[in-house]
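1. I'd like to go over a predicted model; first the sequence, then the structure.
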Amino acid sequence: MILEALMAVAFAGALAVFLAPDAWAGRLAFAISLVPFAGSLYLWSGFEAGGNALTGGNIAYATQIEWLEVGGRSVSWFVGLDGISLPLFVLTTFLVPLAIVSAWTPIDSRQSQFYGLMLFMEANLLGVFTALDFFLWFVFWEAVLVPMYFLIGIWGGNDRKYAAIKFFVYTNAASLLMFIGFMSLVFALGDSVSSFALPEIAQAVAAGGLDTWFGIPPDQIAMIAFLAMFLGFAVKVPIVPFHTWLPDAHVQAPTPASVLLAGVLLKMGTYALLRFNFTMLPDQASALAIPIAAIAVISVIYGAILALGQNDLKRIVAYSSVSSMGYVILGLIAFTEFGVGGATFQMVAHGLISGLMFMAVGVIYNTTHTREIDEMAGMADRMPVTVGILVAGAFGYMGLPLMAGFAGEFFIFVGSLSAPVLPYAPVFTALAMFGIVIVAGYLLSAMQSTLFGPFELDTDYEVGPAPFHDVAPLAVLLVAIIVLGVAPDIFFEMIRDAAVPVVEGVTIDG
C-alpha cells in the first residue's frame with residue numbers, strides 16, 4: 001500500500017497547504033513534497049525488473065481491490081509499477097519540490113492556494129503513472145487538468161485566461177476522442193474481458209479477442225481505436241499539427257507551472273501512447289509506421305524552426321519541447337529494444353532538461369522582468385551562476401555527451417536505424433538527426449544575444465546575482481542531468497526490461 005500512502009500524503013498535504021497562512025505555505029508545501037520523493041527513492045531502491053505490467057510481467061508494489069461494476073465489467077482500484085512507469089514516478093516526485101522552491105520568489109499572492117494546487121497536481125500525476133485500471137487512470141488523467149488550468153488562469157501573464165481556456169479545451173476534447181477509441185476497443189472484446197484492468201485488456205487484444213462489433217470487422221475496429229487514441233494523445237504530447245496550445249500555455253504560465261507542464265505533463269501523452277497504442281495495438285502502429293515516423297520527423301524539424309524564429313526565451317524553450325517529443329515518437333515507432341527504451345529514457349531526460357531551462361529563464365525574468373532577446377545582453381556579467389547553468393542546460397538540449405539528452409537521443413537513433421517495421425528507417429533517422437543542428441543554431445544564437453557581450457538591459461530594475469533559493473534548484477537539476485548522462489543504466493536497464501515485451505508483440509512482415 002505504499003503507492004497509496006504516497007498519493008495520500010500529496011492529497012492531504014494539498015489540503016493542509018490550502019488551509020495554511022500564506023506566510024509559510026511555500027515552506028510547508030516543500031517539506032510535504034519531500035515525503036513522496038523519499039518514498040519514490042525507496043521504491044526505486046527495492047525495485048526488481050520483471051517485464052511489462054500490461055503484457056503479463058511482474059507488477060511491483062501492486063494493489064487491486066474491486067471498486068464497482070459498470071456494464072458487466074468491474075472497475076478496480078488497481079495500481080502498480082514496472083520499468084516504464086517507475087522512472088516517470090521518480091521524475092514527478094523529484095521535480096515537484098524543485099518547482100515549489102522556484103516559486104518562492106515570483107509567487108507573492110494567494111500563496112496557499114498556489115502551493116496547494118501544486119501538491120494536488122502531483123498527487124494526480126502519481127496516479128496517472130501508477131493506475132492500471134482504465135477508469136481509475138482516466139480519473140487521474142482528467143484531474144491533472146484542473147490544477148494546471150487554475151495555475152495558468154490565476155497566476156499567469158496578461159493573456160492567462162485565453163491560454164488557460166485554450167489549454168483546457170484542447171486537452172479535454174482530445175481526452176474525449178481517446179475515451180471513445182478505447183471504449184470501442186473494450187466493447188469489441190465482448191465477454192473475453194470482465195474488467196477494465198489494462199493488463200487484462202492488453203492481453204485479450206493480443207490473444208485475438210476482438211470480435212465484430214456493429215458489423216465492423218475486428219481489424220477495422222482496432223485501427224479505428226488506434227487512430228482515435230493516437231489523435232487524442234498527440235494533442236497532449238503535443239506533436240505537429242496539434243501543438244498550438246503549448247507555446248501559449250508556457251508563455252502565460254508562471255515558471256513553476258511551466259516546469260511541471262514541460263517536465264511531467266507532456267510525458268503523460270507519450271506515456272499513454274506507449275501504454276495504449278504501441279503496447280496494446282502494435283500491429284496497427286507498424287501498419288502506420290511511415291506516416292507516424294513522418295509526423296515525428298516533422299515535429300522535430302518544424303518545432304526547431306519555429307523556435308529559431310522566436311524572440312521570447314520562454315517561447316523558444318516551449319517550441320524546443322515540441323521538437324524533443326518528436327524524437328520520442330520516432331523511438332516508439334521503431335519498435336526496437338533501444339528505440340522504445342530510448343524513447344522512455346528520453347521522456348525522463350527531457351523532463352529534467354526542460355525543467356532546468358524553464359527554471360533558469362524564470363530566474364532571469366525574476367530579476368530583469370523581461371524575456372525578450374532584443375531587450376537584454378551581457379547577462380553573464382551580472383548573473384554568472386544562473387547563466388552558467390543555463391548554458392550547461394542548453395548544451396544538454398543539444399545532446400552534449402555525458403548529459404542525459406545525449407544518452408536518450410543516442411538510444412533512439414541506434415534503435416531507429418535498425419527498425420524492422422519502418423521502411424527507409426535510415427532516411428527518417430538522418431532527417432531527425434538534422435534537427436539537432438537547428439536546435440544548436442537557435443540556442444547558440446539566443447545565448448549569444450542575451451548572455452554575452454557588454455551588459456545592456458532596457459529596464460529600470462537592478463540586475464544582480466539571484467538568491468540562493470532560486471539558484472539551488474537549478475544546480476540540483478544540472479547534477480541530475482549529468483549523473484543520468486554518465487550512468488544511464490540507473491534507469492535504462494529497468495526501462496529496457498519493460499520495453500522488450502512491447503517489441504516482441506509486433507508482427508514483422510517478411
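-> Yes, it's here.
2. Please make it C-alpha for all contacts and neighbour counts, starting now.
-> Will do.
3. Mind checking which residue lies nearest the centre of the protein?
-> residue 267 (1.9 Å; CA atoms, centre = their mean).
4. what about that one, distance to residue 57?
-> Residue 267 sits 23 Å away from residue 57, going by CA to CA, to the nearest Å.
5. and if you look at residue 221?
-> Taking CA to CA, one finds residue 221 at 26 Å from residue 57.
6. So which of the two has more stuff around it?
-> residue 221 (21 against 16; other CA atoms under 10 Å).
7. which non-adjacent residue is nearest residue 30?
-> Spatial nearest neighbour of residue 30, chain neighbours left out: residue 97 (5.4 Å); criterion: CA to CA, 6 or more residues apart in numbering.
8. contact partners of the helix or strand hosting the one you found?
-> In this assignment (DSSP states H and E), residue 97 forms part of helix 85-102. With contact meaning CA atoms under 8 Å, 6 or more residues apart in numbering, helix 85-102 is reached by 26, 29-30, 33-34, 36-37, 40-41, 44, 115, 118-119, 122, 125-126, 129-130, 255-257, 259-260, 263-264, 347-348, 351-352, 355, 359, 469-470, 473, 491, 495.
9. do the same with stretch 141-152
-> In contact with stretch 141-152 (CA under 8 Å, 6+ apart) are residues 114, 117-118, 120-121, 124-125, 127-128, 160-161, 163-165, 167-168, 172, 175, 249, 252-254, 257.
10. residues of it that come out buried?
-> 141, 143, 144, 145, 147, 148, 149, 150, 151, 152 (16 or more other CA atoms under 10 Å).
11. Show me the residues you listed that map onto helices.
-> Secondary structure assignment by DSSP state H places 141, 143, 145, 147, 148, 149, 150, 151, 152 of these in helices.
12. Let me know the closest of these to residue 336.
-> Within these, the smallest distance to residue 336 is 27.9 Å, found for residue 141 (CA to CA).
13. Relative to residue 86, how far out is the closest one?
-> Using CA to CA, one obtains 17 Å as the distance from residue 141 to residue 86.
14. and what of residue 323?
-> The gap separating residue 323 from residue 86 is 25 Å, by CA to CA.
15. Those two: which has the busier surroundings?
-> Applying other CA under 10 Å to residue 323 and residue 86 shows that residue 323 carries more neighbours, namely 30 against 23.
16. check contacts around the closest residue to that one other than its chain neighbours.
-> Setting aside the residues directly before and after it, residue 323 is nearest to residue 300 in space (CA to CA, 6+ apart), at 3.9 Å. Residues in contact with residue 300 (CA under 8 Å, 6+ apart) are 322, 323, 324, 325, 326, 327, 432, 435.
17. The helix or strand harbouring residue 300: how far from the chain's middle?
-> According to DSSP H and E, residue 300 maps onto helix 289-308. Helix 289-308 sits 18 Å away from the centroid of its parent chain (CA atoms, centre = their mean, to the nearest Å).
18. mind listing what's buried in it?
-> Buried residues in helix 289-308, counted by 16+ other CA under 10 Å: 289-290, 292-308.
19. Could you export it as CSV, CA atoms only?
-> C-alpha atoms of helix 289-308 as CSV (Å, rounded to 0.1, in the frame of the first residue of the first chain):
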residue,chain,number,x,y,z
ALA,A,289,4.9,3.2,-39.4
ILE,A,290,5.7,5.6,-42.3
PRO,A,291,3.1,8.3,-41.5
ILE,A,292,3.9,8.2,-37.8
ALA,A,293,7.6,8.4,-38.5
ALA,A,294,6.9,11.3,-40.8
ILE,A,295,4.9,13.1,-38.1
ALA,A,296,7.8,12.5,-35.7
VAL,A,297,10.4,14.0,-38.1
ILE,A,298,8.2,16.9,-39.0
SER,A,299,7.7,17.7,-35.3
VAL,A,300,11.5,17.6,-34.7
ILE,A,301,12.3,19.9,-37.6
TYR,A,302,9.3,22.2,-37.6
GLY,A,303,9.4,22.7,-33.8
ALA,A,304,13.1,23.6,-34.1
ILE,A,305,12.5,26.0,-37.0
LEU,A,306,9.6,27.7,-35.0
ALA,A,307,12.0,28.1,-32.1
LEU,A,308,14.6,29.7,-34.3
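20. could you dump the helix or strand encompassing residue 497 to PDB, C-alpha only?
-> Following DSSP H and E, one finds residue 497 within helix 489-504. What follows is helix 489-504, C-alpha atoms only, in PDB (Å, rounded to 0.1, in the frame of the first residue of the first chain):
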ATOM      1  CA  ASP A 489      21.800   2.400 -16.700                       C
ATOM      2  CA  ILE A 490      20.400   3.600 -13.400                       C
ATOM      3  CA  PHE A 491      17.100   3.800 -15.300                       C
ATOM      4  CA  PHE A 492      17.800   2.300 -18.700                       C
ATOM      5  CA  GLU A 493      18.200  -1.300 -17.600                       C
ATOM      6  CA  MET A 494      14.700  -1.400 -16.000                       C
ATOM      7  CA  ILE A 495      13.300   0.500 -18.900                       C
ATOM      8  CA  ARG A 496      14.700  -2.000 -21.400                       C
ATOM      9  CA  ASP A 497      13.400  -4.900 -19.400                       C
ATOM     10  CA  ALA A 498       9.900  -3.500 -19.800                       C
ATOM     11  CA  ALA A 499      10.300  -2.400 -23.400                       C
ATOM     12  CA  VAL A 500      11.300  -5.900 -24.700                       C
ATOM     13  CA  PRO A 501       7.800  -7.300 -24.400                       C
ATOM     14  CA  VAL A 502       6.400  -4.400 -26.400                       C
ATOM     15  CA  VAL A 503       8.900  -5.000 -29.200                       C
ATOM     16  CA  GLU A 504       8.100  -8.700 -29.200                       C
END
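21. contacts for that helix?
-> So helix 489-504 is contacted by 49-53, 55, 82-84, 87, 278-279, 282, 335-338, 340-342, 344-345, 484 (CA under 8 Å, 6+ apart).
22. now with 7 Å?
-> With contact meaning CA atoms under 7 Å, 6 or more residues apart in numbering, helix 489-504 is reached by 49-52, 55, 82-84, 87, 279, 335-337, 340-341, 345.
23. just stretch 427-438 next, same as before
-> The contact list for stretch 427-438, computed with CA under 7 Å, 6+ apart, reads 293, 297, 300, 301, 304, 305, 398, 413, 416, 417.
24. can you rerun that using 6 Å?
-> With contacts defined as CA atoms under 6 Å, 6 or more residues apart in numbering, stretch 427-438 is touched by 297, 300, 301, 304.
25. picking that back up, what's the closest of the buried residues of stretch 141-152 to residue 442?
-> Nearest member of those to residue 442, counting by CA to CA, is residue 152, at 26.7 Å.
26. Show the pLDDT at the residue nearest to that closest one when sequence neighbours are not counted.
-> Nearest residue to residue 152 in three dimensions, chain neighbours excluded: residue 253, at 4.6 Å (CA to CA, 6+ apart). Note on residue 253: pLDDT of 93.
27. was I right about residue 253 contacting residue 154?
-> No: using CA atoms under 6 Å as the test, residue 253 is too far from residue 154 to be in contact (9.0 Å).
28. who has more neighbours, those two?
-> Neighbours per residue (other CA under 10 Å) separate residue 253 from residue 154, with residue 253 holding more: 28 against 17.
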